[in-house]
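Visitor: let's see this in three dimensions:
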Amino acid sequence: LVKAMVGSGILAMPWAMKRFGLLASAVGLALLALLNVVSIELLVACRTALHDRDVERDARRRKRRPSSGGGDSDSVEDTSLIGPTTEWPSLNPYEVVATRIMGRPFGIATTAAIILAQLGVCTAYVDIIALFVEHVFPGTPRQLLIALLFAIFVVGGLTRDLRHLAGVAAAGVLCYVAVVAALVNESVP
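Guide: This is a model prediction of the structure:
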């Protein structure tokens, strides 16, 4: 959750806080934090309620289903009822809630919106990285940098187990810390 909420916007916070003042910035940050907490709690509550409803529905179906083959129906587990409950781990929680409440087209639209938002963020990161590299290595062709970064993102995106990218994530966090430290150092008189 931290990675989803902390992005490049943190780099603009010192500038924004200076512009709006300490009191307004503190109130705004507290309000945004509260809205984040409430939205996450609502999402979890919706998903939990839908899951609980599915479990109850599946239990009622199993109880009503007649046994086949003359055996004891309680001793044989019914595996034919495969529905949203077993499919949920592969879906994002926003899609699950949207699909169950508004239908499959709305769930697909929700996932598409999330993907487009993330692509926008990736595009901004690629542009920022290309600007920094051009500054450090003047004369480097921008198109080459963007193509190289795109290739790196594609290879990273094909990784099936995100644990393999833990080192890259740790390096990213260290870069955030270094940039924030540099910003704080520059802003202190």
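Visitor: hmm, which helix or strand of this protein has the shakiest average pLDDT?
Guide: helix 84-87 (a mean of 47; mean pLDDT, DSSP states H and E).
Visitor: and the helix or strand encompassing Arg62, average pLDDT?
Guide: In this assignment (DSSP states H and E), Arg62 forms part of helix 22-64. Mean per-residue pLDDT for helix 22-64: 87.
Visitor: from now on call the first residue 7
Guide: Will do, 7 is the new start, and the previous item becomes helix 28-70.
Visitor: where's Phe112 relative to Arg71, distance?
Guide: Between Phe112 and Arg71 the distance is 31 Å, computed by CB to CB, to the nearest Å. (Each C-beta comes from the backbone N, C-alpha and C, glycine too.)
Visitor: neighbour count winner among the two?
Guide: Counted by other CB atoms under 10 Å, Phe112 and Arg71 do not tie: Phe112 has more neighbours, with 15 against 12.
Visitor: how deep is the nearest residue to the more buried one once chain neighbours are set aside tucked in, by neighbour count?
Guide: Spatially, and ignoring its direct neighbours in sequence, Phe112 is nearest to Ala104 (4.9 Å; CB to CB, 6 or more residues apart in numbering). Look at Ala104: counted by other CB under 10 Å, it has 22 neighbours.
Visitor: quick one: contacts for Ala104?
Guide: Contacts of Ala104 were listed using CB atoms under 8 Å, 6 or more residues apart in numbering, and they are Phe112, Gly113, Ala115, Thr116.
Visitor: can you pull out the low-pLDDT segments for the chain?
Guide: Along the chain, the parts satisfying pLDDT under 70 run over 7-15, 17, 72-97, 194-195.
Visitor: just the helices from it, written as ranges.
Guide: Secondary structure of the chain (DSSP state H): helices at 8-11, 19-26, 28-70, 90-93, 99-108, 110-142, 148-163, 172-193.
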